[in-house]
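Q: Kindly return the folded structure for what I paste below:
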Amino acid sequence: MEIERKFLVKNLPVNFESYPHHIISQGYISTSPVIRIRRSDDRYILTVKSQGLLAREEFETEITAEQFENLSKKVDGNVISKIRYKIPEKDGLTIELDIFKEKFDGLIYAEVEFPDIESAQKYNPPAYFGREVTNNSIYQNSSLSSMSDEEIKNFFKSL
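A: Numbering: from 1, shown residues only. Alright, predicted model coming up:
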């Protein structure tokens with residue numbers, strides 16, 4: 001079970017670049033159900049997610065570079081490119097700070113994954129977080145992947 005809250009980011013935290021990070025490229029073979037392939041540095045992952053916003057089932061398995069390349073031919077829509085910084089947070093949590101590139105350059109999210117719904121509901125985000133977008137599906141990466149260029153332009157106007 002994946003339980004996470006997602007926020008837009010108002011200001012980047014001080015020294016965020018000093019934290020561990022991964023260069024991510026991901027595409028969606030399907031958005032309903034969500035079937036995603038991801039390259040994270042030199043790892044390749046196939047993910048299947050159930051429906052949901054705050055909490056949903058998630059299954060991941062590592063695949064080979066060759067499998068990733070073959071599945072890449074089946075990706076629909078936009079490929080999502082981003083750098084993900086892993087920033088330690090209180091109570092043993094981790095903030096995943098995603099700085100998007102290419103078509104979504106300028107978009108910055110922070111996601112925090114929780115062990116249970118109660119912890120998620122009690123979480124008090126740091127001051128640099130902006131508006132919470134957990135319950136708005138337009139901010140899911142799978143939604144971004146299916147946007148046209150015009151929809152992307154309008155999306156950025158709404159931020």
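Q: just checking, residue 131 touches residue 7?
A: Yes: at 6.8 Å, residue 131 and residue 7 qualify as touching, with contact defined as C-beta atoms under 8 Å. The C-beta positions use only the backbone N, C-alpha and C, and glycine is treated the same way.
Q: Compare the two (neighbour count), which wins?
A: Using other C-beta atoms under 10 Å as the criterion, residue 131 and residue 7 rank with residue 7 on top: 22 against 11.
Q: and that one, how far is that from residue 125?
A: Note on residue 7: its distance to residue 125, by C-beta to C-beta, to the nearest Å, is 6 Å.
Q: so the nearest residue to residue 159 once chain neighbours are set aside is in which element?
A: Distance criterion C-beta to C-beta, 6 or more residues apart in numbering; nearest residue to residue 159, sequence neighbours excluded, is residue 8 at 6.7 Å. Assigned by DSSP states H and E, residue 8 belongs to strand 2-9.
Q: That strand pairs with which strands?
A: strand 55-56 (antiparallel), strand 108-113 (antiparallel), strand 129-132 (antiparallel) (DSSP bridges).
Q: Pick the most buried one from the ones you listed.
A: Burial of the strands paired with strand 2-9 is given as mean neighbour count (mean count of other C-beta atoms under 10 Å); strand 108-113 ranks first at a mean of 20.
Q: same for whichever helix or strand comes after it, what does it pack against?
A: Sequence-wise, the next helix or strand downstream of strand 108-113 (DSSP H and E) is helix 117-122. Taking 3 or more C-beta pairs under 8 Å, 6 or more residues apart in numbering; DSSP states H and E as contact, the helices and strands that helix 117-122 lies on are strand 2-9.
Q: how about residue 66, secondary structure?
A: helix (DSSP: H, G, I helix; E, B strand; the rest coil).
Q: likewise residue 71?
A: Assignment for residue 71 (three-state DSSP): helix.
Q: quick one, what contacts residue 119?
A: 3, 91 (C-beta atoms under 8 Å, 6 or more residues apart in numbering).
Q: Around the residue nearest to residue 159, how many other residues sit close by?
A: Residue 8, neighbours per other C-beta under 10 Å, totals 15.
Q: Likewise for residue 122?
A: Neighbours of residue 122 (other C-beta under 10 Å): 10.
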